[in-house]
Every structure is written in structure tokens, then in C-alpha cells.
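Enquirer: here you go, sequence then predicted model.
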Amino acid sequence: MIVIVFLILVGYLSKYFGILKENDRTVLNNIVVYIAMPSTIFLTIMKNVSPGDLPIFLKLPFLIFIIFFICGIIGFTVGKLLKLNNQSIGGLILVCALGNTGFLGYPIIYGFYGMEGLTRAIFCDMGSVFASLLIGTYVGITFGVNKDHGSPSILREILKFPPLLTGILSIVLIFLGFSIGHFPNYVINTLNYLSNATIPLIMISLGLSLSPSSARFGVLFGIIALIVRMVFAPLLAIVLTTCFSVEGLDKNVVILQSAMPSAMMSLVFSLLYGLDIKLVASACFITTILSLIILPILNMIISSL
């Protein structure tokens, strides 16, 4: 966690001292999403997953999707009880439902559990991607002011997201009996170099994205999102993993991935559909910063069970 914090600080201080601009995160994100992360996903799955592992691994994205969906319902209920307007309810649903399982989940799970944990985190992230696209689009159309903005096709958005496509392709190859040994060494070495850039670039990009000034716009909503994401979500994960007979490392990774802070993707949907962007930005900042303290504590708790 100390390494992760320092990498995030590199990004934040680069912005603070003018070395990089906040807009530069778009370039870094594109490198991560289209080049580095697909390389990591392909290598990790091909090296660490066998056909016999798939029945249990494929439970993980399903569980994450269900957990995020229920957290969204909790966010909607709280928004109604607080009598918020539609734009604020929509924003609250997103920050409660969607967790940062990729950009923060990968490095944290890898730090705690190594390559075996990262393999499971990748499968969890597939469920998170589906949840983000489905819940984000539905909430935007239902609660946003820009309902005529031209809602994205779910299928088209999936086809534009290389990490998910790479994960699906890798699973298909595993089913067909392929392994990492079927590929030339120069291909694997190239992917290894690209993969090594994933976690540093993710953390620097996250540091560029953080804006402490945004927290003042909605501390209450940040606390609500924190409670839902890091209390209710892991409790749901414990119940569901028990019900679906998911044990050991699989269970630990699902619990931690379910407790990730509010996803930065919530900001994208808020801008696209005209939701309460200040609420969303505040919740993303508060949950992300406090997660660096809460997630290690949560990991110690579940590791001792």
C-alpha cells in the first residue's frame, strides 16, 4: 500500500508542479486501456488459468455484478429518503454501485495476493465492466437531464473496451486447450514489457485525477458512498460467496474487489447524461483516499477469518 500511495503521489505532484496536466490522464488512460492492461490480462490468464479452473473463476464476475446491482438499489433508496432531485439520485446510485475494480483493484489485489490474486481480480473486473455499462446507461437515461444525448449502445461500448475483449478471448483460448507455450517467445517478451507499465501508469493517472477541492461539494454523499461501498458491499460479498460455495483466495478477492472505492467511470456517465457531477466527484475523491486506509484493514480482517 505504501508503494501504491507513492505512485499516486507521483501523479498528483506531477500535476501540482505542472510537469503533467490533468488532461494528460486521458493519454495515460488510453495507453493503459488499449495497450498495457490487455497485455496484463492476456498473460495473466494464459499463464495461471487451466480449463479446470474456469467453472469457479466464472462465478466471480457474476457475484460482482450482483453485488454492484444491489449497492445501486441501496443508493437509490437513500436518495429517495433524502428527497434528492433526479440528477443527485442518479449520481448517488453510480457512486454506490460502481467500484474501481480495474484501476485500483488490480494493483491492490496484486500487492496483497500476487499473480494468483490478480488472476481472480481480472475475472471480477469483467463483472464490473458489465455492471458499469448496464447500470451507468440505465441510470443516465432515467435520471439525467441529457436524455437525448444519444445513449451509447451497450454492445458497441463492450466492443470498444479491449480489456474485456482480451479477457473473453483468453478464456476462449483456454477452453480450446491453448496455453502460453503455444505463442512465440518474442510475442510473450513484448507483452511482458507492455504489461510491466500497467500498474505504474494506472497509479499516476489516478493521481492526476484526484482533486481535493472537489470533496467540499458533497462530504455527506461521500460518506454515504463510503459506507455502501466499504461496509455493505463486502458484507454482501461474504453472504454471496458463502451461498455460492466460493472459498479461500477466491472469496477474499471477491470481498476486496466488492469494496473498491467509487469508480472514476461514474464521472464519465455523469458528464454524459447531466447528473450531479459535484456529488460524484466528491464521492470519488473521498472513497478513493479513505480506501487506502480501509482496504488494508479489511484485508487483515478477512485473512484472519
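Expert: Yep, that arrived. Numbering: from 1, shown residues only.

Enquirer: quick check: Met46 touching Leu176?
Expert: No. Met46 lies out of contact with Leu176 (Cβ atoms under 8 Å); the separation is 11.7 Å. Quick note: C-beta positions are derived from backbone N, CA and C, even for glycine.

Enquirer: of the two, which one has the most company?
Expert: Per other Cβ atoms under 10 Å, whichever of Met46 and Leu176 has more neighbours is Met46, with 19 against 9.

Enquirer: quick one: residues contacting that one.
Expert: Ser170, Leu173, Ile174, Phe178, Ser179, Ile180, Phe183 (Cβ atoms under 8 Å, 6 or more residues apart in numbering).

Enquirer: tell me, how many residues neighbour the first one?
Expert: Residues contacting Ser170 under the criterion other Cβ under 10 Å number 20.

Enquirer: start the count at 6, not 1, going forward
Expert: With the count now opening at 6, the last piece we talked about shows up as Ser175.

Enquirer: now for Thr124: which residues touch it?
Expert: If you count contacts by Cβ under 8 Å, 6+ apart, then Thr124 has Thr49, Ile50, Asn53, Val54, Phe62 around it.

Enquirer: what is the nearest of those to Leu18?
Expert: Using Cβ to Cβ, Thr49 comes nearest to Leu18 of these, at 30.1 Å.

Enquirer: the helices in the stretch 106-255 of the chain, which residues?
Expert: Per DSSP state H, counting those that start in this stretch, the stretch 106-255 of the chain carries helices over the ranges 110-148, 159-164, 167-180, 190-200, 203-214, 224-232, 238-248, 253-263.

Enquirer: now do the most far-flung residue of the chain relative to its centre, the pLDDT please.
Expert: Computed with Cα atoms, centre = their mean, the residue of the chain farthest from its C-alpha average is Pro189, at 31.6 Å. Per-residue pLDDT puts Pro189 at 93.

Enquirer: re the thing from before, which stretch in the helices of the stretch 106-255 of the chain is the model least sure about?
Expert: Here the lowest mean pLDDT among these goes to helix 159-164, at a mean of 69.

Enquirer: rewinding a little: Ser19 is nearest to which of the helices of the stretch 106-255 of the chain?
Expert: When those are compared by Cβ to Cβ, helix 203-214 sits nearest Ser19, at 7.0 Å.

Enquirer: so what touches that closest one?
Expert: For helix 203-214, contacts defined as Cβ under 8 Å, 6+ apart pick out 9, 12-20, 25-27, 29-30, 33-34, 36-37, 41-42, 44-45, 107-109, 111-112, 115, 269, 293.

Enquirer: among the residues you listed, which ones are buried?
Expert: Neighbour-count burial within the contacts of helix 203-214 applies to 9, 12-13, 15-17, 19-20, 25, 29-30, 33-34, 36-37, 41-42, 44-45, 107-109, 111-112, 115, 269, 293; the criterion is 16 or more other Cβ atoms under 10 Å.

Enquirer: what residues sit buried inside stretch 263-273?
Expert: Buried residues in stretch 263-273, counted by 16+ other Cβ under 10 Å: Ser263, Ala264, Met265, Pro266, Ser267, Ala268, Met269, Met270, Ser271, Leu272.

Enquirer: which non-adjacent residue is nearest the third one?
Expert: In space, Met265 comes closest to Gly104 once its chain neighbours are excluded; the distance is 3.7 Å by Cβ to Cβ, 6 or more residues apart in numbering.

Enquirer: okay, now that neighbour: neighbour count?
Expert: Residues contacting Gly104 under the criterion other Cβ under 10 Å number 32.

Enquirer: residue contacts, it?
Expert: Listed by Cβ under 8 Å, 6+ apart, the contact set of Gly104 reads Phe73, Gly110, Ser133, Arg234, Ala238, Gln262, Ser263, Ala264, Met265, Pro266, Ser267, Ala268.
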